[in-house]
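Novice: the amino acid sequence is not available; the structure is as follows:
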């Protein structure tokens with residue numbers, strides 16, 4: 001029976017860039033990633049593929065950038081005054097979190113800096129990349145009423161998964 005919205009799915013995965021062999025993220029050998037299908041907790045391309053699977057299935061799933069973290073937006077790069085980064089030990093590739101004008105949390109990556117300015121990239125680090133997930137569905141169950149109400153597995157805190165791109 002295929003997986004459907006409002007079910008809790010547990011997966012074990014390894015993430016690489018499509019055609020590559022370097023592991024970007026993995027939870028193999030650790031606790032599975034749990035999420036509620038249909039809540040937008042994971043990237044759309046992966047969720048759509050998982051809906052075609054059942055408990056115990058394993059697959060390599062290719063996800064195009066458009067269905068993952070989106071295409072790169074070259075306009076999402078900004079040069080800011082260095083004084084905005086007072087107290088921060090800058091280095092290329094450093095990821096920082098801040099708030100947008102509408103109060104949303106945003107992540108930026110420092111791409112360059114000099115004595116006066118810092119160039120930051122608002123694109124997700126995996127934007128513009130086609131991805132491959134080598135995954136196994138380790139469990140599938142219906143949501144509890146609390147999970148359905150909160151949108152969070154276990155009714156507690158969200159998974160907070162890393163760069164592997166679950167969110």
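Specialist: Happy to help now that I have it. Remember, it's a predicted structure, so these values are computed and weren't measured experimentally.
Novice: ok, the residue of the chain most remote from its centre - contacts?
Specialist: Each residue of the chain has a distance to the centre, and by CA atoms, centre = their mean the biggest one is for residue 115: 32.8 Å. Residue 115 makes contact with residue 82, according to CB atoms under 8 Å, 6 or more residues apart in numbering. Placement of C-beta: from N, CA and C, glycine included.
Novice: on the three-state scheme, it is what?
Specialist: Following DSSP: H, G, I helix; E, B strand; the rest coil, residue 115 is assigned to coil.
Novice: quick one: residue 69 and residue 122 touch, right?
Specialist: No. Using CB atoms under 8 Å, residue 69 is not in contact with residue 122; the gap is 11.9 Å.
Novice: between these two, which one's more packed in?
Specialist: For residue 69 versus residue 122, neighbours defined as other CB atoms under 10 Å are more numerous around residue 69 (20 against 15).
Novice: is the more buried one part of a helix or strand, or is it coil?
Specialist: coil.
Novice: and the gap between it and residue 75?
Specialist: Shown here: residue 69 relative to residue 75, a distance of 16 Å by CB to CB, to the nearest Å.
Novice: now tell me what touches the helix-or-strand element of the chain with minimal mean pLDDT from outside.
Specialist: Using mean pLDDT, DSSP states H and E, the weakest-scoring helix or strand in the chain turns out to be strand 95-99, at a mean of 89. With CB under 8 Å, 6+ apart as the test, strand 95-99 has contacts from 88, 105, 106, 107, 108, 109, 110, 120, 125.
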